[in-house]
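*Asks:* Attaching a predicted model along with its sequence, questions to come.
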Amino acid sequence: MNPSPHTASPKALLLAFAAVYLVWGSTYLAIRFGVETIPPFLLGGTRFLAAGVILAVVSRRRGAPVPKPSEWRAATISGVFMVVGGNGLVCWAAQYVPSGLTALLVATVPLWLVAIARVGPDRETASPMEVAGLVLGLGGVALLVGTSGAEVGIRGASANQVAAGALVVVGASLCWAIGSMYNRRAALPQPPLYGTALTMAAGGLILVLIGLAAGEFGRLSLGDVSLRSWLSLAYLTAMGSIVAFSAYMWLLRTVRPAAAGTYAYVNPVVALLLGWWLADEAFTLPMLAGTVIIVAGVVLVQRGRAPKGGPRPATVRAPASR
């Protein structure tokens, strides 16, 4: 059942938006706590593999068919970009980059989408407002990366590690945007939640294999994993990958895509506040300036893509990596 905005109850809408705003905003800090004692690729891989298998089993019990080979291929490609690139790189960078700064850099996904749509196979023409938003937002990214140093990084991280981690997060955002554009044409399994489940499962399995190749199993000692890391892994799997993503998919079918996409404005604020409150993360003047610039750029891009009587632009999927 796909309710319209007129049939969805205010309570259901409130709960769905709360999940997308608050849960996704909090996953950056959960990732940081998780990688304290769980190697990054194993953390991301275990999370998505478990969530994908759970959702796939639920979908199959509801009558979803066995995927075709072409659908598995599409789900695997999607998983490589969105789970391995979009989340695996974020997990690695979380060893050095604070959660608030990570969330700010990930919020640039709408900017990358505009750039890819302009130069990619779609050859979409960007409006002047979109171009202005893209330039402004990328300027904010340059400011954040350029001012990243040991004073804002995870304790013990060098200035070079923090700067490298920030660049890796930018690469993760670009991977997510590429995967999102690929999904516009990909023959993913139906219904949409089933395709999401297989994307997460495929990407999660690849992340686990990368962790194996990187020697992470040898560095993992279950007895040394802290309670905080175990709770973070459970939270990321249940709330970040299953609850919040399902809520977002429901919102896409219930409200305007532009309204559902407002998570891009709220998540960084939530992440910054939680990082400052619970993890003593620094919040510097350059970070504040970068926040304002990036959010302003995203706002311009969203306004520039708003439909004006013509066809609605393609919906951008939210980060499964959150």
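*Replies:* Perfect, thanks for sending it.
*Asks:* can you point me to the longest helix in the protein?
*Replies:* helix 159-183 (DSSP state H).
*Asks:* which parts of that helix are buried?
*Replies:* Across helix 159-183, burial judged by 16 or more other C-beta atoms under 10 Å covers 161-183. Where you see a C-beta, it was placed from the backbone N, CA and C, and this is true even at glycine.
*Asks:* name the helices or strands packed onto it?
*Replies:* helix 69-79, helix 89-93, helix 99-106, helix 109-119, helix 128-146 (3 or more C-beta pairs under 8 Å, 6 or more residues apart in numbering; DSSP states H and E).
*Asks:* Quick one: closest of these to residue 296.
*Replies:* helix 128-146 (5.9 Å; C-beta to C-beta).
*Asks:* so what secondary structure elements neighbour that closest one?
*Replies:* helix 99-106, helix 109-119, helix 159-183, helix 285-304.
*Asks:* Give me the contact list for the shortest one.
*Replies:* Under the criterion C-beta atoms under 8 Å, 6 or more residues apart in numbering, residues 25, 28-29, 31-32, 90, 93-94, 140-141, 144-145, 148, 152, 166, 169-170, 172-173, 176, 267-268, 270-272, 274-276, 279, 281, 283, 287, 290-291, 294, 319 lie in contact with helix 99-106.
*Asks:* hang on, the earlier thing: tabulate the helices and strands packed on helix 159-183 (a markdown table), appending mean pLDDT.
*Replies:* As requested, those are exported to a markdown table (pLDDT from 0 to 100):
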| stretch | mean pLDDT |
| --- | --- |
| helix 69-79 | 93 |
| helix 89-93 | 96 |
| helix 99-106 | 85 |
| helix 109-119 | 77 |
| helix 128-146 | 80 |
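*Asks:* Export those helices to CSV and append columns for mean neighbour count.
*Replies:* Shown next, in CSV, are the helices and strands packed on helix 159-183 (neighbours: other C-beta atoms under 10 Å):
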stretch, mean neighbour count
helix 69-79, 19
helix 89-93, 27
helix 99-106, 28
helix 109-119, 21
helix 128-146, 19
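*Asks:* Could I get the ones you listed in a markdown table, plus columns for distance to residue 21?
*Replies:* Formatted as a markdown table, the helices and strands packed on helix 159-183 follow (distance: least, C-beta to C-beta, whole Å):
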| stretch | distance to residue 21 |
| --- | --- |
| helix 69-79 | 25 |
| helix 89-93 | 19 |
| helix 99-106 | 12 |
| helix 109-119 | 16 |
| helix 128-146 | 20 |
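*Asks:* and of the ones you listed, who's closest to residue 44?
*Replies:* helix 89-93 (4.3 Å).
*Asks:* tell me what the closest one is packed against?
*Replies:* helix 24-34, helix 40-61, helix 99-106, helix 159-183.
*Asks:* Residue 8: what secondary structure?
*Replies:* What DSSP: H, G, I helix; E, B strand; the rest coil gives for residue 8 is coil.
*Asks:* Test my guess that it contacts residue 254.
*Replies:* Yes: Residue 8 lies in contact with residue 254 (C-beta atoms under 8 Å); the separation is 4.9 Å.
*Asks:* about what we covered before: hey, what's the angle from the longest helix of the chain to helix 69-79? Just curious.
*Replies:* 150 degrees (axes from the mean of the first three to the mean of the last three C-alpha atoms, to 10 degrees).
*Asks:* roughly how far out does helix 159-183 sit from the chain middle?
*Replies:* 10 Å (C-alpha atoms, centre = their mean, to the nearest Å).
*Asks:* For the host helix or strand of residue 196, which helices and strands make contact with it?
*Replies:* Taking DSSP states H and E as the definition, residue 196 sits inside helix 192-213. When contacts are defined as 3+ C-beta pairs under 8 Å, 6+ apart, helix 192-213 sits against helix 40-61, helix 69-79, helix 244-252.
*Asks:* closest to residue 213 out of those helices?
*Replies:* Nearest to residue 213, of all these, is helix 40-61, at 9.0 Å by C-beta to C-beta.
*Asks:* Using the neighbour-count criterion, name the buried positions in the closest one.
*Replies:* 40-56, 59.
*Asks:* Tell me the first helix or strand C-terminal of the helix or strand of the chain with the lowest mean pLDDT.
*Replies:* With mean pLDDT, DSSP states H and E as the measure, the helix or strand of the chain carrying the lowest mean pLDDT is helix 257-260 (a mean of 62). Remark: after helix 257-260, the chain's next helix or strand is helix 263-278, criterion DSSP H and E.
*Asks:* tilt between that following helix and helix 24-34?
*Replies:* Counting by the same axes, to 10 degrees, helix 263-278 lies at 40 degrees to helix 24-34.
*Asks:* CA-only coordinates of helix 263-278 in PDB, if you can.
*Replies:* This file holds the C-alpha atoms of helix 263-278, laid out as PDB (Å, rounded to 0.1, in the frame of the first residue of the first chain):
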ATOM      1  CA  TYR A 263      17.500  15.100   5.400                       C
ATOM      2  CA  ALA A 264      20.500  16.700   3.700                       C
ATOM      3  CA  TYR A 265      20.000  19.900   5.700                       C
ATOM      4  CA  VAL A 266      19.300  18.300   9.000                       C
ATOM      5  CA  ASN A 267      21.700  15.400   9.300                       C
ATOM      6  CA  PRO A 268      24.900  17.500   9.600                       C
ATOM      7  CA  VAL A 269      23.400  19.600  12.300                       C
ATOM      8  CA  VAL A 270      22.400  16.500  14.300                       C
ATOM      9  CA  ALA A 271      25.800  14.900  13.800                       C
ATOM     10  CA  LEU A 272      27.600  18.100  14.800                       C
ATOM     11  CA  LEU A 273      25.600  18.500  18.000                       C
ATOM     12  CA  LEU A 274      25.900  14.800  19.000                       C
ATOM     13  CA  GLY A 275      29.600  14.800  18.300                       C
ATOM     14  CA  TRP A 276      30.100  17.900  20.400                       C
ATOM     15  CA  TRP A 277      27.900  16.600  23.200                       C
ATOM     16  CA  LEU A 278      28.800  12.900  23.400                       C
END
